[in-house]
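Novice: Dropping the sequence and predicted coords here.
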Amino acid sequence: MGKKSILALVFFLLGTLSCFAQTITLDQYLELVRRNHPFFKKEALAVDIERKGAESFPGVEDWNFEAAPFYSYLGEASAAEFQADNIHKVGVEAGVERIFWNSGGRLGLSFESDYTHSKITSVGTQKAYRHGFSVSYTLPFVQNSKGVLDRLAYELSKYSIDLSMVQSVENQETFLVDVAAGFLDWAYLSEVIRIAEERLKLAEEQKAQTERKFRSNLVDKVDVLRAEDAIRIAKQALLKTQSLWKAKQAELAVIAGTEGLAEKSPAFDIYSLQSLPPVERAFENMKTESRLLAVFDILKDQLAYSRVGLMEQKKPGLNLTVAGGLFGRDEELGKSLELTNPDAQVSLAYFTTFGHRSLKAQIDQIELEIRQLEEDKKNVTVGLEASLRNIFIQIIETEKVLELNRAQIESAAEKTEEELKLYNQGRSQLTFVIQSRDNEENAKLTYAENALGYQQLLLQYLALVDQLLVEK
């Protein structure tokens, strides 16, 4: 073999080895993706949006201020009721009101101020100033007792937040399944490169040995040519796999949002097997921990609480209102500011609706929707069990296939050794040695491909049982 060929091979192998200078594990890569990819920020914002929406509901407890300045004029026809020719009145009414969620009560504080100018033929012109403050409080005893209806929208929004959180995590896990699958492909290509490098090394050794035999007139020139063809084929396979490896590396680097991946290689043993719990135990855990099934529970609880609100509206209303204030009135402004005249009022209001046909229909609808959710949950549970058993069986059977692959590799290696002995003894052709080594390489490639399928099944299994993305 010439010096140029040897140097070319050395630089080629060094270039290949440089790709594996640093390593990164699957968990480390997924963490990079979670930290940098905009998809996860988007999902986090979805939950924040729901939370902010819920934070708007307590705003009903804020103080509400209202002011209404006014002016009125009563002409002769209307003023006659007050034994006056005409009346001018100007003033302002202002107040604040607040709702208390814990009790359902309403507290109101108000201020009134007005000036009245009246013209009476028999008396002349009269004027009066009136000012005062008042307070009122209304407390519900039956409907909306303890503020059930006031808090209804807020309590329902909590279920929407829980639902968005579950959906967000589920979306993130679905996204990570695809990302992790890409990482597995990258690890698989690393193994294919290792196998191709091994095949190239053997081809180079075989060529050197064949050339020595040719110089000793032990083999024909055609064997040297065959050995050179084997090297070219091995290099082509290696170059093709390297290009795929680098392309996958670039793709994963973009997804992870880091250029540092260009200097790393995957640290992942695609041949590692994982011990799984029995399928029955896995299914029992799934029924209690599955996020998909949790969605139905959240929706069911939300509907049940909506039903509580409708049942509350069916109750009759019985509200107690207590009000009182201090007022002053006089023809002189200064004296009118002496608020010494009290007002007081106590009232008990009762109201109800007969029939409640609309509410009854809505309650019946909710009960049907709850039953439908229960059946939907059973339906999804059946689907999850079917998928779990399907993947579980594939994993177990693939482990058996991998065991056969290992046996096939050992058998192919023994056959290659025997073919090489025959060739060295001059009892066989180099073609059979090359074919045997190609078969050995194909057996290893088949083993790697089946190992990749096994890891992909494990990935699907972990996602199905919600163990791929575990919130810390």
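Specialist: Now that the structure is in, tell me what you want to look at.
Novice: Now for Gly328: which residues touch it?
Specialist: Taking C-beta atoms under 8 Å, 6 or more residues apart in numbering, we find Gly328 in contact with 130-132, 335-341. In this view, the C-beta of every residue, glycine as well, is placed from N, C-alpha and C.
Novice: So this protein: which segments form each domain?
Specialist: Following automatic domain parsing, one gets these domains for the chain: 3-54+153-301+368-464, 64-144+317-356.
Novice: what's the most buried one of those?
Specialist: For the domains of the chain, average neighbour numbers computed from mean count of other C-beta atoms under 10 Å are highest in domain 3-54+153-301+368-464, which has a mean of 16.
Novice: What ranges does the stretch 301-450 of the chain have for its helices?
Specialist: Listed in chain order, the helices of the stretch 301-450 of the chain (DSSP state H, counting those that start in this stretch) span 333-336, 357-424, 430-464.
Novice: Indicate which one of those helices is closest to Leu303.
Specialist: Smallest distance to Leu303 across the helices of the stretch 301-450 of the chain (C-beta to C-beta): 5.2 Å, for helix 357-424.
Novice: That closest one relative to helix 430-464, how many degrees between them?
Specialist: Comparing the axes of helix 357-424 and helix 430-464 via axes from the mean of the first three to the mean of the last three C-alpha atoms, to 10 degrees yields an angle of 160 degrees.
Novice: The chain should start at 543 in everything you say after this.
Specialist: Yes, from this point I'll number from 543; that puts the last item at helix 899-966.
Novice: now for helix 899-966, which elements pack on it?
Specialist: With contacts taken as 3 or more C-beta pairs under 8 Å, 6 or more residues apart in numbering; DSSP states H and E, helix 899-966 sits against helix 821-831, helix 833-856, helix 972-1006.
Novice: Can you give the distance from the last one to the centre of its chain?
Specialist: Which is helix 972-1006. Taking C-alpha atoms, centre = their mean, to the nearest Å, the mean C-alpha location of helix 972-1006 is offset from the chain mean by 35 Å.
Novice: What of the first one?
Specialist: In terms of C-alpha atoms, centre = their mean, the centre of helix 821-831 is set 22 Å apart from its chain centre.
Novice: Now do that helix: which elements does it pack against?
Specialist: helix 899-966.
Novice: the bottom helix or strand of this structure by mean pLDDT?
Specialist: helix 545-560 (a mean of 41; mean pLDDT, DSSP states H and E).
Novice: Touching the helix or strand following that helix from outside, list them.
Specialist: Sequence-wise, the next helix or strand downstream of helix 545-560 (DSSP states H and E) is strand 564-566. Strand 564-566 is contacted from outside by 803, 805-809, using C-beta under 8 Å, 6+ apart.
Novice: Quick check: mean pLDDT of strand 564-566?
Specialist: Strand 564-566 comes out with an average pLDDT of 91.
Novice: How far does that strand sit from its chain's centre?
Specialist: Relative to its chain's centre, strand 564-566 lies at 29 Å (C-alpha atoms, centre = their mean).
Novice: Name every strand pairing with that strand and say which way it goes.
Specialist: strand 806-808 (parallel) (DSSP bridges).
Novice: pLDDT on the partner strand, on average?
Specialist: 92.
Novice: got it, and stretch 580-593?
Specialist: The average pLDDT for stretch 580-593 rounds to 90.
Novice: what does that stretch contact?
Specialist: Contacts to stretch 580-593, defined as C-beta under 8 Å, 6+ apart, come from residues 575-576, 699, 702-703, 706-707, 709-710, 713-714, 717.
Novice: Distance to Lys755 for these - can I get that in TSV?
Specialist: Below are those laid out as TSV (distance: C-beta to C-beta, whole Å):
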residue	distance to Lys755
Val575	54
Arg576	58
Ser699	84
Ser702	79
Ile703	78
Ser706	74
Met707	72
Gln709	69
Ser710	68
Asn713	64
Gln714	61
Phe717	58
